[in-house]
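*Asks:* This is a predicted model, with the sequence first.
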Amino acid sequence: MTDQIIEIVKSKGQCIGQSYDGASTMSGAYGGVQKFIHDKQHLAVYVHCAAHNLNLVVNDAVSAVRDAQAFFTIMQELYVFFWHSMRRWDLLLSSDTAM
C-alpha cells in the first residue's frame, strides 16, 4: 500500500503531510503506512484525521445524553437503509419526492 501511495504522490508532486484514521495499518508508529512514508519524506508529518477526531468528540459528547443518542442512532439507521440500495438513494434524491 505504501508503494502505491508513493507512486501516486510522485506523479502529483511532493507529499508534505499525511492524515489517516486511527487504524494501525495506516497510522501505526512502527509499521503503519505513515511511518514508511515519513521515512522516505521527512516533511510528510502524520496528523490524525480531523473528521475522525470530530466524530470521536461527538460520540463522547452525546454518550451521556439519551435524546442525542436516539437522534444519532436514527440518523445512522436511515443512512444504512438508503446506503444499501441505489434505488432508495435515487428516490430520496429525486425532485419528485423531495420536500
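*Replies:* That came through, no problem. Remember, it's a predicted structure, so these values are computed and weren't measured experimentally.
*Asks:* what's the following helix or strand after the longest helix along the chain?
*Replies:* Longest helix in the chain, counting residues (DSSP state H): helix 66-83. Downstream of helix 66-83, the first helix or strand assigned by DSSP states H and E is helix 86-93.
*Asks:* Show the average pLDDT along that next one.
*Replies:* Averaging pLDDT along helix 86-93 gives 85.
*Asks:* which residues does the residue lying closest to Ser24 once chain neighbours are set aside contact?
*Replies:* For Ser24, ignoring the flanking residues on the chain, the nearest one in space by Cβ to Cβ, 6 or more residues apart in numbering is Gly32 at 5.9 Å. C-beta here means a position set from N, CA and C on the backbone, and glycine is covered the same way. By Cβ atoms under 8 Å, 6 or more residues apart in numbering, Gly32 lies in contact with Tyr20, Ser24, Thr25, Met26.
*Asks:* Pull the most distant pair out of the residues you listed.
*Replies:* Using Cβ to Cβ, the pair of those lying farthest apart is Tyr20 and Ser24, separated by 10.1 Å.
*Asks:* three-state assignment of the nearest residue to Asp21 once chain neighbours are set aside?
*Replies:* Counting by Cβ to Cβ, 6+ apart, His52 is the residue found nearest to Asp21 once chain neighbours are left out, at 4.7 Å. Three-state call for His52 (DSSP: H, G, I helix; E, B strand; the rest coil): helix.
*Asks:* got it, and Gln18?
*Replies:* Under three-state DSSP, Gln18 falls in the strand class.
*Asks:* Contact partners for Ile6?
*Replies:* By Cβ under 8 Å, 6+ apart, Ile6 lies in contact with Cys15, Ile37, Lys40.
*Asks:* Phi, psi for the last one please.
*Replies:* Reported as degrees, to the nearest 10, the phi and psi values for Lys40 are phi -90, psi -30.
*Asks:* Just the pLDDT at it, thanks.
*Replies:* 85.
*Asks:* ok, back up a step: just name whatever secondary elements the longest helix of the chain is in contact with.
*Replies:* Counting contacts by 3 or more Cβ pairs under 8 Å, 6 or more residues apart in numbering; DSSP states H and E, helix 66-83 packs against helix 50-62, helix 86-93.
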